[in-house]
Structure formats: C-alpha cells, structure tokens
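S.K.: okay, structure incoming, though there's no sequence with it:
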C-alpha cells in the first residue's frame, strides 16, 4: 500500500500544543498546494479518485472521517481522528472519504498544483492504469 501514518512532532507551549511537519522530516515532498475541507454533510462520500503523480498528506484537525484506500490490489481503511497523526497518500492510490462527523475539518497538503488531467475518476480505468504501471 502506498500510504502510511506520519506521527507529528508535538511540542507543549504556553496555552496549547503545537504539532509540526517539516519537509525532509515528516513531509516526504515539497508542498505546492494546501487546501482544507469542512462543513461536510455527514452522509457525504468524497474523494472517489486517484492521482497519477500527486502526493498528499492529510490531517483531521478537528472531528473525524473514515478513509478507504486501494492500491489496485489491496484495500485498507483508516480513521482520520487524531490531529497529531497525518496520513501520507502516494500516487495511484484510490481514495474514498466517508463517515464524517459534523465538526470534521481536514487539512490537505499536496505535492503539486491542481491539474485535472492528474485525476483518475473511474475505478476500472484506475485498475487498468495500475496494472500497466
């Protein structure tokens, strides 16, 4: 599977905790885009795609959701529910997000700017492309 949890370094300061990700340490790529997902309907299903080249690191800053990942052969399910644990997702990994809590706030750091042609949105086409790579 081309994904793995990334524990954030944690520092306790005056008035709160700080979770840290740095390029070359926890982050395996240079961040070229950051976005967040929030106010998600509890019954929503998001993702439903893979990226050909893009790498992502995702953190549930608040609340939680379930993420199902597929590499073309194996499937795994991960709960994003700890703001001190990030999830790395590599290229050619099919992802589906669901079971959002009403307060869910996801932060996504991406290795590349948005490019529609990098998206595979048909699962059968994804399986074919993974099989050919």
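M.R.: Perfect, thanks for sending it. Just so you know, these numbers come straight off a predicted model, no measurement behind them.

S.K.: wait, residue 5 sits on residue 87?
M.R.: Yes: between residue 5 and residue 87 there is a contact at 6.0 Å, judged by CB atoms under 8 Å. For the C-beta atoms, the positions are set from N, CA and C on the backbone; glycine is no exception.

S.K.: what do these two both touch?
M.R.: residue 78 (CB atoms under 8 Å, 6 or more residues apart in numbering).

S.K.: counting neighbours, go ahead and name the busier of the two.
M.R.: A count of neighbours by other CB atoms under 10 Å puts residue 87 above the other of residue 5 and residue 87, at 22 against 11.

S.K.: quick check: pLDDT value at the more buried one.
M.R.: For residue 87, the pLDDT comes out at 97.

S.K.: look up how far residue 65 lies from the closest residue to it other than its chain neighbours.
M.R.: Spatial nearest neighbour of residue 87, chain neighbours left out: residue 58 (4.9 Å); criterion: CB to CB, 6 or more residues apart in numbering. According to CB to CB, to the nearest Å, residue 58 and residue 65 sit 10 Å apart.

S.K.: element containing the nearest residue to residue 8 once chain neighbours are set aside?
M.R.: Once flanking residues are discounted, residue 8 sits nearest to residue 19: 3.8 Å by CB to CB, 6+ apart. Element membership for residue 19 (DSSP states H and E) is strand 16-20.
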